[in-house]
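Novice: pasting the sequence and the predicted model now:
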Amino acid sequence: MKAIILNKAGAAENLEIIDTEKPILKATEVLVKNISLSINPVDVKSRANEDILDWLFGKERPVILGWDVSGIVTELGKEVTDFNIGDEVFGMVNFLGNGKAYAEYIASPQEHLALKPKNISHEAAAASTLTAITAYQALVDVAKIKKGDRVLIHAASGGVGHFAVQIAKSFGAYVIGTSSGKNKAFVLSLGSDEHIDYTQEKFEEKIKDIDIVIDTIGGETLSKSIQVTKNQGTIVTLPSHEFSDEQKLKAIQKNISLQFLMVQSKKETISEIAKMLENKTILPHIHKIFSFDEMAKAHQEVESNHVVGKVVVNV
């Protein structure tokens, strides 16, 4: 099979296509013929930064990056009960760990996959994995979102953000999304009740009494988010688990729950995402599609920080 490997961290050109053997299955794994996968900021950061690569993979080299997959089951481990050969499946494989999604075939634990809804393409399914799961776990598992909550979503046009808007609305929340002005119409089309152009407006001067903040930026944005969050509100931050002493003190003074989320592959979450896709509660926005041999270009696109929605690669 063909796979894309990385021998050392660095530029996108370090990604190399090779021929290698198919994975050997464990008892509870399925072999998936990969049709589409998607690229996330964590893919780009681990490819570019040796420390992040070491954190994710230890000293193993070369590595096969990637976690988001959509494809067809071609082989079953002897203890697999959830799927049959020929099933179309999708999911986020082995995160946090080694998903090895940049390959024609992937060995995945059965609990990390769900049946792909028939009403969506493999591209759409692959686009609705890590970022959709992150948005769901942040809002539902951590923040315990409920009807009527005022929810602030930063970078609402991005991968996590555009799913978070849709998921929050499905729970009956009032949603405020931030993005640049050029993406205002897109953010509002997702269902956001208000839009704030962070390039022209200071969100901390426009809003208050926020119940839940989904922070995909960190730093000064996180500090200002504490200002607008009401007492006993919740901020879920994704970029870093390290909070400054000032941030922690301000959160304590307002009795705000300041939480860091590291997304995890869970059967319960991917099953919920499948239901939401099937009933069109959420719809992924695909920014651009690349071929497998254009993986370096796909990374460079994500690295540009101008992606609206998701970048997908067809195998």
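Specialist: Okay, I see it. Not measured: the values here are computed from a predicted model.
Novice: now do the contacts for residue 278.
Specialist: 117, 119, 120 (CB atoms under 8 Å, 6 or more residues apart in numbering). To be clear about C-beta, it is placed using only N, CA and C from the backbone, and glycine gets the same treatment.
Novice: pretty sure residue 239 contacts residue 218?
Specialist: Yes. With contact defined as CB atoms under 8 Å, residue 239 and residue 218 form a contacting pair (3.7 Å).
Novice: which one is residue 92 nearest to, not counting chain neighbours?
Specialist: residue 129 (4.4 Å; CB to CB, 6 or more residues apart in numbering).
Novice: if you could redo that for residue 269, that was the one I meant.
Specialist: residue 133 (5.0 Å).
Novice: in a helix, that neighbour, correct?
Specialist: Yes. Assessed with DSSP: H, G, I helix; E, B strand; the rest coil, residue 133 lies in a helix.
Novice: how many residues are close by it?
Specialist: Neighbourhood size, residue 133 [other CB atoms under 10 Å]: 25.
Novice: swap in residue 174?
Specialist: Neighbour tally, residue 174, other CB under 10 Å: 17.
Novice: hmm, back to that, between residue 239 and residue 218, which has more neighbouring residues?
Specialist: Using other CB under 10 Å as the criterion, residue 239 and residue 218 rank with residue 218 on top: 18 against 14.
Novice: contacting residues around that one?
Specialist: Contacts of residue 218 by CB under 8 Å, 6+ apart are 237, 238, 239, 240.
Novice: can you lay out the contacts of residue 278 as JSON lines showing neighbour count?
Specialist: What follows is these, written out as JSON lines (neighbours: other CB atoms under 10 Å):
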{"residue": "117", "neighbour count": "20"}
{"residue": "119", "neighbour count": "10"}
{"residue": "120", "neighbour count": "21"}
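Novice: what is the nearest of those residues to residue 281?
Specialist: residue 117 (11.3 Å; CB to CB).
Novice: now that closest one: phi and psi?
Specialist: Main-chain dihedrals, residue 117, degrees, to the nearest 10: phi -60, psi 140.
Novice: now do the contacts for it.
Specialist: 125, 274, 277, 278.
Novice: could I get these as TSV with distance to residue 161 and pLDDT?
Specialist: Converted to TSV, those look like this (distance: CB to CB, whole Å; pLDDT from 0 to 100):
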residue	distance to residue 161	pLDDT
125	19	98
274	21	98
277	18	98
278	22	98
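Novice: from those residues, which is closest to residue 53?
Specialist: Among those, and counting by CB to CB, the member closest to residue 53 is residue 125, at 27.1 Å.
Novice: might one say that the closest one is in contact with residue 70?
Specialist: Yes. If you go by CB under 8 Å, residue 125 and residue 70 touch, sitting 3.9 Å apart.
Novice: shared neighbours of those two, which are they?
Specialist: Joint contacts of residue 125 and residue 70 (CB under 8 Å, 6+ apart) are 36, 90, 116.
Novice: now, those that are in strands?
Specialist: 36, 90 (DSSP state E).
Novice: pick the one among the shared contacts of residue 125 and residue 70 closest to residue 211.
Specialist: residue 90 (31.3 Å).
Novice: residue contacts, the closest one?
Specialist: 69-71, 113-114, 116, 122, 125-126, 128-129, 270, 274.
Novice: show me those that map onto helices.
Specialist: 122, 125, 126, 270, 274 (DSSP state H).
Novice: list the contacts of the first one.
Specialist: With contact taken as CB under 8 Å, 6+ apart, residue 122 is in contact with 35, 36, 70, 71, 88, 90, 116, 314.
Novice: strands of the stretch 101-250 of the chain, start to end?
Specialist: Ranges of strands within the stretch 101-250 of the chain are 105-109, 113-115, 150-153, 174-179, 194-197, 210-215, 229-237, based on DSSP state E, counting those that start in this stretch.
Novice: is residue 259 in a helix, a strand, or coil?
Specialist: strand.
Novice: show me what it is bridged to.
Specialist: residue 236 (DSSP bridges).
Novice: list the contacts of it.
Specialist: 142, 143, 234, 235, 236, 237.
Novice: now residue 124
Specialist: 277, 283, 284, 286.
Novice: if we can go back for a sec, quick one, grab the pLDDT at the residue nearest to residue 269.
Specialist: pLDDT for residue 133: 98.
Novice: from memory it sits against residue 271, does it?
Specialist: No. If you go by CB under 8 Å, residue 133 and residue 271 don't touch, sitting 10.7 Å apart.
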